[in-house]
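S.K.: I'll drop the sequence and a predicted model, then ask my questions.
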Amino acid sequence: MFDVSPLPGDPILALMAAYRADPSDNKVDLGVGVYQDDDGATPVLLAVTEAEQRILEAQRTKSYVGIAGLAEFSDGMTRMLLGDSHPALTAGRVTTVQTAGGSGGLRVAGELIASLRPNATIWVTTPTWANHQPLLSSTGLSLKPLRYYDSAAGALDAEGFLEDVSARPEHDVILLHGCCHNPTGADLDQGLWQQVAKVCAERNILPFVDTAYQGFGRGLDADAEGIRMLAEQVPELLAVSSCSKNFGLYRERTGALTAITATAEQAQAIRTHLMKITRSMISMPPDHGARIVATILTDRSLRDAWLQELETMRERMAAQRRGFVAALEAHGLAERFGFVAEQSGMFSLLGIDKPTIDKLREDWHVYIVGSSRVNVAGMTGTRVGYIAEALAATIAA
């Protein structure tokens, strides 16, 4: 029964292992998808530490919290996504359940789509996060590409994207990135969100929004403007939120799935479907990360402290983008890679080929994934000049 051959490993995890094994003092990790501080560490936020201390002092049980998860968490995540007075929220057309990270939310959403729209195709941006394909295709759904990014120009292919969106069949699904597009860093503007909403409403297409980086782009509320506008104009929408990045809760696997329906009655009905799917997959969601988030969001002082830490991370990454392009000026490459300073979030695609990527790793100990995606959070102020020098030397070689 178990006479099987090993499967190929995940390329990003393999890159992480190679980086850890590299003895060089000059090694730079631009591949791993986590926020890093100036020391290359992924810190525990001070607001998180304080929330955990309060939880440990007050908690008297480790019993289950229920299939839908912690109610205070779900309420806080809904309001963080939509605001306190969104029309869909005030109409009772919204339901949110806790999930095992953003990835778990995507999988639960995929199972819901597969059960209610089994013949639907999910259309994903080209490129998109590498794990979208395995997470969602495992439900039996078909994923197909939408034009999105022009690598040669280092910019959004707005015309091609709109043409592809407008040509989608009725009842299909479009998977969008709420902000800080992974892996390109190129986001939709309000005009494009508006046009997507129009097409979805006219053709009964379901918008499915992955919001993994809220607060990392233009700010917590600004990063939600697109999805809030979309939710005002379409009758149905699915949105997945992650607390890995903006709360730094990577290992706690804390996320949420929000469903917006045409009526309040349908919201309650969808909730029963989401709970059934969750029960069949993980039985009950974990509590610790959700309770941390709920503690922060329901306490004014903790929320203010968290918002300041989040803004510090956002501003730091924006500054590192500008610093990287400035460092390339001495090598005559600022114009070629100037788009990095204009994009948002943790990631950008450099648009360099695999031999160049391999040479960066072999000769300069700079680690980048094969797609040329770089994590700008790894471009610390002390290393940005070295990264620019390595890139310039490798391109010129």
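M.R.: On my side now, so go ahead. Numbers count the residues shown, from 1 in each chain.

S.K.: can you list contacts of the helix or strand containing V124?
M.R.: Following DSSP states H and E, the helix or strand that holds V124 is strand 121-126. The set of residues that contact strand 121-126 without belonging to it, under CB atoms under 8 Å, 6 or more residues apart in numbering, is 110, 113, 132-133, 136, 141-149, 161, 164-165, 168-169, 172-177, 181, 208. Backbone N, C-alpha and C define where each C-beta goes, glycine included.

S.K.: export it as CSV, just CAs?
M.R.: The C-alpha trace of strand 121-126 is given here as CSV (Å, rounded to 0.1, in the frame of the first residue of the first chain):
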residue,chain,number,x,y,z
THR,A,121,-13.9,28.0,-13.2
ILE,A,122,-11.8,30.1,-10.8
TRP,A,123,-9.9,32.7,-12.8
VAL,A,124,-6.6,33.8,-11.2
THR,A,125,-4.2,36.6,-12.0
THR,A,126,-1.0,35.9,-14.0
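
S.K.: that strand pairs with which strands?
M.R.: Based on DSSP bridges, the pairing partners of strand 121-126 within the sheet are strand 142-147 (parallel), strand 173-177 (parallel).

S.K.: please point out which parts of the first one sit buried.
M.R.: Neighbour counts using 16 or more other CB atoms under 10 Å place L143, L146, R147 of strand 142-147 among the buried residues.

S.K.: for stretch 45-62, same thing?
M.R.: Burial within stretch 45-62, assessed by neighbour count using 16+ other CB under 10 Å, is assigned to L45, A47, V48, E50, A51, E52, R54.

S.K.: what is the rounded mean pLDDT of the strand holding V124?
M.R.: Taken as a whole, strand 121-126 has a mean pLDDT of 98.

S.K.: likewise for stretch 223-233?
M.R.: Across stretch 223-233, pLDDT averages out at 97.

S.K.: can you list contacts of it?
M.R.: When contacts are taken as CB under 8 Å, 6+ apart, the neighbours of stretch 223-233 outside the stretch itself are 80-83, 86-88, 178-180, 187-188, 190, 193-194, 196-198, 200-201, 207, 209, 211, 213-217, 237, 239, 260.

S.K.: where do the strands sit along the stretch 51-200 of the chain?
M.R.: 94-100, 121-126, 142-147, 149-150, 155-156, 173-177 (DSSP state E, counting those that start in this stretch).

S.K.: select, out of these, the one closest to P286.
M.R.: The minimum distance between P286 and the strands of the stretch 51-200 of the chain falls on strand 94-100, with 6.7 Å, by CB to CB.

S.K.: okay, now the sheet partners of the closest one, with direction.
M.R.: Take DSSP bridges as the rule and strand 94-100 pairs in its sheet with strand 254-260 (antiparallel).

S.K.: send me the strand it pairs with as CSV with only the CA atoms.
M.R.: The C-alpha coordinates for strand 254-260 follow below in CSV (Å, rounded to 0.1, in the frame of the first residue of the first chain):
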residue,chain,number,x,y,z
THR,A,254,-5.0,32.6,12.3
GLY,A,255,-7.4,33.7,9.6
ALA,A,256,-11.0,34.4,8.7
LEU,A,257,-13.4,33.8,5.8
THR,A,258,-16.1,36.4,5.2
ALA,A,259,-19.1,35.8,3.0
ILE,A,260,-21.4,38.5,1.8
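
S.K.: who's in contact with the closest residue to G66 other than its chain neighbours?
M.R.: The shortest distance from G66 to any residue other than its chain neighbours is 6.9 Å, reached at M284 (CB to CB, 6 or more residues apart in numbering). Residues in contact with M284, defined by CB under 8 Å, 6+ apart, are Y64, V65, G66, I67, G69, T278.
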